[in-house]
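K.L.:
Take a look and give me a structure for this.
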Amino acid sequence: MDDLDNTLATLLAKPEPPAEAINRSRGRLQDRMRGRRARRRIGWLAPGLSLATAAAAVAVITTGVTTPAGAPASGREVLLMAAVSAARTPEGSGAYWHVTRQWSNPDMPREESWTGRDGRRWSKGEPGDSPDAAVTDPAPLMLKGAEVDFEDLDKLPADPEALKARIAELPGRDSDMAASEQRSDDVLSLIALITELPAPSQVRSAAFRALATMPEVKRTGTVDDGEELLIADADGEPEIKLVVDPDTSRVMRTNYLLADDGSLAGDPNGFISVTTGWTDQPPQ
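P.N.:
From the prediction side, this is the model:
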C-alpha cells in the first residue's frame, strides 16, 4: 500500500465531521473551485460533503503544496478529488452495461450500446445501425487494442503505476490502436477506463490517480456541470478536453475518447456527452 493509499484509508475511515466543519470545508472548496477495431471516424475521428473535505486533504498531502484560500484548484487536485469519489462509489448492479453518447453537433445521432454480463452487445445509432432500434453488435469491449471482458476489467490493478504497467502489457493489435497507443501513451486507455468501460470503482480511482501524475494535465475553468481539464497535445495528437465532476467522479463530456468497443471518437469543434451505468432495461 503506497502513501496515497494509506492517506485515503485514514481519511475515509474517519467519522463524519460535525455540520459546522462540513459547511466550512464545503465553503472553502467551493471558493477554490469558483476562483477558479478499426471503426475510426471524425465526428467519428479517423486514425456526500465529507467526501469533498477528504478529497481536498488528499490533494494537499499528495502535492505537498497548500493552495491559498480563494485560489483555484489545479487539474491534479481535481483528478485526485475524483479519485477519492470513485473509490467510494458503489459498484451498481444490473443485467446490462449501458452507454449513451450525445454529440454537441445536432446532425450527429444519439448513440447507445448495451453489453450483457455474458459479453453479448447491442448498439443503436452507431455507424451502420438503425437510429430507431437496437441491433446485435459483435464488437467486443476493447482496451488498448485488446479484447477484454468484465473479468479482465475486474482483475486490473487498483494501484496507478501497476495499472499503467498492466495496460502496457496488453496484447493489443496495432490495427486496433490509435497512433498514440501504438507509441505506448497511456492517456487514451486511462480515459477509456473513466468514461465508457465498466471498470470497477477501485480501478477507476487508480486511473484518475494515474492521470493526475501527468504534467500535461491542467484545469482551465469551472463550467456548469464540473471542472474543465485540458490534456496538452503530444506528437501531433489533438488536445483532449474533459469535463469532470469531482464529487461524482463522472466524466460528463469530452472532445476525444476511446469508445467501449475501441473505436476512436472525436469532435474537434464540440463535445460528446457520455452517460454510463448498469440497467435491467433490455436493449430497445
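K.L.:
Next, count neighbours for residue 230.
P.N.:
Residues near residue 230, counting by other CB atoms under 10 Å, number 17. Yep, even glycine has a C-beta here, placed from its N, CA and C like the rest.
K.L.:
and the gap between residue 127 and residue 137?
P.N.:
To residue 137, residue 127 is 11 Å away according to CB to CB, to the nearest Å.
K.L.:
What segments of this protein are strands?
P.N.:
Ranges of strands in the chain, per DSSP state E, are 96-103, 111-116, 121-124, 135-136, 141-143, 146-148, 217-223, 226-231, 240-245, 250-254, 256-258, 264-266, 272-279.
K.L.:
closest to residue 167 out of the ones you listed?
P.N.:
Closest to residue 167 of these is strand 141-143 (CB to CB; 7.1 Å).
K.L.:
What strands line up against that closest one, and which way round?
P.N.:
Paired strands of strand 141-143, with direction, are strand 146-148 (antiparallel) (DSSP bridges).
K.L.:
follow-up on the earlier one: out of the strands of the chain, which gets nearest to residue 196?
P.N.:
With CB to CB as the criterion, residue 196 lies closest to strand 96-103 of those, at 5.1 Å.
K.L.:
Which elements pack onto that closest one?
P.N.:
For strand 96-103, the packing partners by 3 or more CB pairs under 8 Å, 6 or more residues apart in numbering; DSSP states H and E come out as strand 111-116, strand 272-279.
K.L.:
With mean pLDDT and mean neighbour count as added columns, please give those in TSV.
P.N.:
Converted to TSV, the helices and strands packed on strand 96-103 look like this (pLDDT from 0 to 100; neighbours: other CB atoms under 10 Å):
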stretch	mean pLDDT	mean neighbour count
strand 111-116	94	22
strand 272-279	94	17
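K.L.:
mind giving me a markdown table with those strands and columns for distance to residue 215?
P.N.:
Shown next, in a markdown table, are those (distance: least, CB to CB, whole Å):
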| stretch | distance to residue 215 |
| --- | --- |
| strand 111-116 | 33 |
| strand 272-279 | 25 |
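K.L.:
Could you point out which of the ones you listed sits nearest residue 194?
P.N.:
Of all these, strand 272-279 comes closest under CB to CB, at 9.9 Å.
K.L.:
what's that closest one in contact with?
P.N.:
With contacts defined as CB atoms under 8 Å, 6 or more residues apart in numbering, strand 272-279 is touched by 92-104, 114, 195-196, 198, 251-255, 257, 265.
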